[in-house]
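> how would this look folded up:
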Amino acid sequence: MLRALAAALRKQTRMLSSACAPGVSCASLQRALQAQHAAVRPAAPPATLAREATRGARIARAAATRRGMGASASGEGVGDSVSKAPPMPPPPPLPSQQLYERPFEPGEVCSVLVRGVTFDNRQAAVQSLELESPLLFVREPENPVDPTAVAVQTLSGVPLGYVPRELSRHWVEDSACGRVHSLGVNPAGIAWLVAHSKPLTPGLLADLHPVDQQAPPLSHAWLAERQALLKHTGRCAACDKAEEKEVPLSLHVRWRHDPRLRVSSAVGASALCPECSSGRRLLPYGSQRAAAMRQLRRVNGWSVDEAAEYVRWVDAERQRREELGVWTIDLSLLLQSLGLTPEEVAAAERARGHRKEDRDSSAATEPPF
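The predicted model follows:
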């Protein structure tokens, strides 16, 4: 009798569906009739119900095992609650690669997903970081795999990974400041790190050229570059302090060093205030070094311990580069940017030397009173 009633309901549903006028929805009526059909559906035999229950439990157990939440060997059921910490979220989406194909602007931030964090026991170092921890982006021209590589490391020199190869060309100076943007652990248990830096605004960092090997005088080129810089800005390139009459800005050449070839290339120049100039040189003397460390902390936002870690790394790196031997100075890039030739600079230096000799001779002939 129940089967006959169910067949009649199905026939009534088909008839009503075909009788609906075009454009008139019969979905609600069909759902109501199907609910009645389900209510009068004959019950399955007990054996069929048992097989379906067993099959459903087996599927549930397999799915739970794949998720790593299966029942334990002690006999816990599938429905028992198993405590497990949720996995860390995946790295946040980074800007489109097309955005990095154009040159960066000064002050623009570049966020990178650091690569190579699973090599050379770097996982422990990555997991020890915190959000906004200070980092260094350091060029590695002596890297045997990629001479344009840019390493990401802590202030004390602990390696963390590398900037993606397609982005490393944006870092033109020896080193640049950076920070931890985000970090975590993916479902596979691998720690990841997203760091951000300003490639064209590296902050205030010490020159890594050996202290006792200074560049030759470039008064003519420095004067031309200084006039070009201060004509547009008139502010310190590191701390953004305005130039004062009593304390004018001084010009400092930005170097790019290649320890593999022992060549220091001048890539540009920056106007710095006296305090930032002291931090740039970071001379190994008592009072001058203390003032330089204070300026490093103020401009880069470092703590006392972080600045001390960085200074120790700078001393070790300078010592390593000094032990390599005599370095060669390459001024071609700087002179090209100024539109000068080495002959013009040499002529200007000779003229400056003659003027200095004339001043010294005239001072020697003048009476001391």
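
> switch to C-alpha atoms for all contacts and neighbour counts from now on
Will do.

> pLDDT below threshold where in this protein?
Applying pLDDT under 70 to the chain flags the ranges 1-102, 211-233, 338, 342, 345-346, 348-369.

> All the strands of it, in order from the start?
Remark: strands assigned in the chain by DSSP state E are 110-113, 134-139, 150-153, 159-162, 175-185, 191-197, 250-258, 263-272, 328-330.

> any residues touching the third one, and which ones?
Meaning strand 150-153. With contact meaning C-alpha atoms under 8 Å, 6 or more residues apart in numbering, strand 150-153 is reached by 114, 135-140, 159-163, 168, 171.

> May I ask which of these has the most neighbours?
When neighbours are counted by other C-alpha atoms under 10 Å, Phe137 leads these with 29 neighbours.

> Break this structure into its domains for me.
Listed domain ranges for the chain are 97-197, 219-353 (source: automatic domain parsing).

> Tabulate those (TSV), appending distance to Leu204.
TSV is the format used below for these (distance: least, C-alpha to C-alpha, whole Å):
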stretch	distance to Leu204
domain 97-197	8
domain 219-353	6
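
> Of all those domains, which one is nearest Asp207?
Among these, domain 219-353 comes nearest to Asp207, with 5.9 Å by C-alpha to C-alpha.

> quick one: Ser111 and Lys198, what's the gap?
9 Å (C-alpha to C-alpha, to the nearest Å).

> which one of the two has more residues nearby?
Lys198 (22 against 19).

> check contacts around that one.
Going by C-alpha under 8 Å, 6+ apart, Lys198 touches 106-110, 176-178.

> Kindly tell me how buried the residue lying closest to it once chain neighbours are set aside is, as a neighbour count.
Closest residue to Lys198 apart from its sequence neighbours, by C-alpha to C-alpha, 6 or more residues apart in numbering: Val109 at 4.6 Å. By the criterion of other C-alpha under 10 Å, Val109 has 15 neighbours.

> same question, the one 10 residues further on
Counted with other C-alpha under 10 Å, the burial measure for Phe119 works out to 10 neighbours.

> now do Ser270
A count of nearby residues for Ser270, using other C-alpha under 10 Å, gives 21.

> and Glu309, which of the strands of the chain is closest to it?
Between Glu309 and these, the tightest spacing by C-alpha to C-alpha is seen for strand 134-139, at 11.0 Å.

> thinking again about what came up before, how much space is there between the residue nearest to Lys198 and Ala269?
For Val109, the distance to Ala269 (C-alpha to C-alpha) stands at 21 Å.

> likewise Ser168?
Counting by C-alpha to C-alpha, the separation of Ser168 from Ala269 is 21 Å.

> just Ser332 next, same as before
When Ser332 is compared with Ala269 (using C-alpha to C-alpha), they lie 13 Å apart.

> So which of these two has more stuff around it?
Relative neighbour count places Ala269 above the other of Ser332 and Ala269, with 18 against 15, counting by other C-alpha under 10 Å.

> Of all the strands of the chain, which one is nearest Gly234?
Smallest distance to Gly234 across the strands of the chain (C-alpha to C-alpha): 8.1 Å, for strand 263-272.

> Counting neighbours, which bits of the closest one end up buried?
Neighbour-count burial for strand 263-272, with 16 or more other C-alpha atoms under 10 Å as criterion, is recorded at 263-272.

> quick one on the thing from earlier: I'd like the contacts of strand 150-153 written out as CSV, with distance to Arg298 added.
Putting those into CSV (distance: C-alpha to C-alpha, whole Å) gives the following:
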residue, distance to Arg298
Val114, 27
Leu135, 16
Leu136, 17
Phe137, 19
Val138, 21
Arg139, 24
Glu140, 27
Pro159, 25
Leu160, 25
Gly161, 27
Tyr162, 27
Val163, 27
Ser168, 27
Trp171, 23
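
> ok, so of the residues you listed, who is nearest Arg256?
So of the contacts of strand 150-153, ranked by how close each gets to Arg256 (C-alpha to C-alpha), first place is Arg139, at 8.8 Å.

> Tell me the spacing between the nearest residue to that closest one once chain neighbours are set aside and Ala308.
Sequence neighbours aside, Val150 is the residue nearest to Arg139 in space, at 4.3 Å (criterion: C-alpha to C-alpha, 6+ apart). Counting by C-alpha to C-alpha, the gap from Val150 to Ala308 is 23 Å.

> Those two: who's more crowded?
The neighbour count for Val150 versus Ala308, taken as other C-alpha under 10 Å, is higher for Val150 (27 against 16).

> Tell me how far the more buried one lies from Ile190.
22 Å.

> ditto for Leu296
34 Å.

> More neighbours: which of the two?
More crowded of Leu296 and Ile190, by other C-alpha under 10 Å: Leu296, with 30 against 13.

> nearest to Gly203, of the strands of the chain?
Among the strands of the chain, the nearest to Gly203 by C-alpha to C-alpha is strand 175-185 (5.8 Å).

> Does anything pack onto the closest one? Which helices or strands?
strand 134-139, strand 191-197 (3 or more C-alpha pairs under 8 Å, 6 or more residues apart in numbering; DSSP states H and E).

> Dump stretch 183-196 to PDB, keeping only the CA atoms.
What follows is stretch 183-196 as a C-alpha-only set of coordinates in PDB (Å, rounded to 0.1, in the frame of the first residue of the first chain):
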ATOM      1  CA  LEU A 183      56.200  34.800   9.800                       C
ATOM      2  CA  GLY A 184      54.800  31.500  10.700                       C
ATOM      3  CA  VAL A 185      54.700  27.700  10.100                       C
ATOM      4  CA  ASN A 186      52.800  26.100   7.300                       C
ATOM      5  CA  PRO A 187      50.800  22.800   7.700                       C
ATOM      6  CA  ALA A 188      53.900  20.800   6.700                       C
ATOM      7  CA  GLY A 189      55.800  22.300   9.700                       C
ATOM      8  CA  ILE A 190      58.200  24.500   7.700                       C
ATOM      9  CA  ALA A 191      58.700  28.100   9.000                       C
ATOM     10  CA  TRP A 192      58.300  30.900   6.400                       C
ATOM     11  CA  LEU A 193      59.300  34.500   6.600                       C
ATOM     12  CA  VAL A 194      58.200  37.700   4.800                       C
ATOM     13  CA  ALA A 195      60.600  40.600   5.100                       C
ATOM     14  CA  HIS A 196      60.300  44.100   3.800                       C
END
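
> Thanks a lot, catch you later.
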